[in-house]
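K.L.:
quick one: sequence plus predicted model below, questions after.
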Amino acid sequence: MFHLNMVRGEMLETCIMRNNSSCHCELLRSCHCERSEAIFMDKQYYIYIMTNKNNAVFYTGITNDLRRRVYEHKEKMIEGFTKKYNITKLVYYEIFRDANSAILREKQIKGGSRDKKIELVNSMNAEWRDLYYDL
């Protein structure tokens, strides 16, 4: 697990130690901790599934900023499928360090059946709660 810090509106990397503790470095590519095992996380990529209030329609997407992207869907800021079908509830997501892996996974989910998507959501979120508020 790792954390991203918001400082002056900018996303900063957090240093993660091999023992999963964080030194909370506030300088990009610079670590003030004394452990040499520090790893810097550059980016995160997310694939996500959203639905409408009746869980009748699914949308699968990919982004590098899940909180922002779901907010855009909720506020209907972008014309298209999610606005047309009132898709505002985040019910499933996965996190990737590599953009290509995220793209491949998005294609795999999009190519899957409705039942497979329901199975995925149930595996993470059996109550079908809106996960946006947990981000």
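P.N.:
It's in. Numbers count the residues shown, from 1 in each chain.
K.L.:
which residues does stretch 127-135 contact?
P.N.:
Stretch 127-135 has contacts (CB atoms under 8 Å, 6 or more residues apart in numbering) with 51, 55, 66-67, 70-71, 74, 88-93, 121, 125. All C-beta spots, glycine's among them, are computed from the backbone N, C-alpha and C.
K.L.:
please repeat the previous calculation with a cut-off of 6 Å.
P.N.:
Stretch 127-135 has contacts (CB atoms under 6 Å, 6 or more residues apart in numbering) with 55, 67, 70, 89-91.
K.L.:
where does pLDDT dip in this protein?
P.N.:
Screening the chain residue by residue with the criterion pLDDT under 70, one finds the ranges 1-42.
K.L.:
in it, which spans are strands?
P.N.:
In chain order, the chain shows strands spanning 5-7, 10-12, 15-16, 39-40, 45-51, 58-63, 89-96, with DSSP state E as the criterion.
K.L.:
name every strand pairing with the fifth one and say which way it goes.
P.N.:
Using DSSP bridges, strand 45-51 pairs in its sheet with strand 58-63 (antiparallel), strand 89-96 (antiparallel).
K.L.:
list of residues touching that strand?
P.N.:
Here strand 45-51 has contacts from 58-64, 66, 87, 89-96, 99, 102, 105-106, using CB under 6 Å, 6+ apart.
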